[in-house]
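> pasting a predicted model and its sequence here:
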Amino acid sequence: PGLYAMVGAAAALGGVTRMTVSLVVIMFELTGGLQYIIPIMAAVMTSKWVGDAFGKEGIYDAHIHLNGYPFLDAKEEFKHTTIAADIMRPRRGDPPLVVIEQDNMTVEEL
């Protein structure tokens with residue numbers, strides 16, 4: 001009964017969060033039993049495949065989108081065409097920002 005509970009808990013958590021390898025390692029560290037790794041791996045992978053069939057994002061990604069938090073997804077390619085000086089602004093009363101360029105500045109100029 002204990003093995004079924006651990007495999008079921010790992011499968012439920014794997015299907016909801018879409019974590020695979022890290023979840024198997026966590027469950028192995030919880031049980032300490034090497035004989036439980038194969039059933040846990042099979043259950044976690046099956047639950048991830050079933051979860052991916054319903055939708056690609058896990059519960060953490062859905063929660064981030066639901067709350068409207070800014071999130072840079074690693075699954076997409078982003079091109080960065082601006083530099084930090086174009087976006088950053090100094091506080092009131094502070095001098096303007098200085099851009100240090102790699103190619104044509106020396107230590108004396110700093």
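In hand now; what should we look at?

> for this structure, what spans make up the helices?
2-17, 21-31, 37-54, 59-67, 84-87 (DSSP state H).

> residues in contact with the fourth one?
Taking contacts as C-beta atoms under 8 Å, 6 or more residues apart in numbering, the residues outside helix 59-67 that touch it are Val16, Thr17, Glu57, Phe71, Asp73. To be clear about C-beta, it is placed using only N, CA and C from the backbone, and glycine gets the same treatment.

> lowest-confidence entry in those residues?
Within those, pLDDT reaches its minimum at Asp73, with 66.

> so what's Met19 up against?
Per C-beta under 8 Å, 6+ apart, neighbours of Met19: Leu13, Val44, Gly58.

> check the burial of the nearest residue to the second one once chain neighbours are set aside by counting its neighbours.
Spelled out, it's Val44. In space, and not counting its chain neighbours, Val44 is closest to Gly14: 3.8 Å by C-beta to C-beta, 6 or more residues apart in numbering. A total of 27 residues lie near Gly14 under the criterion other C-beta atoms under 10 Å.

> tally of neighbours for Asp61?
16.

> repeat for the one 10 residues further on
Other residues near Phe71 come to 11 when the count uses other C-beta under 10 Å.

> what's the closest of the helices of the chain to Val99?
helix 84-87 (4.6 Å; C-beta to C-beta).

> weakest of the helices of the chain by average pLDDT?
Mean pLDDT, when computed for each of the helices of the chain, is lowest for helix 84-87, at a mean of 66.

> buried sites along stretch 22-38?
By 16 or more other C-beta atoms under 10 Å, the buried positions in stretch 22-38 come out as Leu23, Val24, Met27, Phe28, Thr31, Tyr36.

> which one of these sits closest to Pro96?
Checking the buried residues of stretch 22-38 one by one against Pro96 (C-beta to C-beta), the nearest turns out to be Leu23, at 49.1 Å.

> quick one on the thing from earlier: with distance to Asn104 added, can I get the buried residues of stretch 22-38 in CSV?
Shown next, in CSV, are the buried residues of stretch 22-38 (distance: C-beta to C-beta, whole Å):
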residue, distance to Asn104
Leu23, 50
Val24, 51
Met27, 55
Phe28, 54
Thr31, 59
Tyr36, 60
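
> nearest residue to Met41 in space, please, no chain neighbours.
Using C-beta to C-beta, 6+ apart and skipping residues adjacent in sequence, the residue nearest Met41 is Val24, 5.4 Å away.
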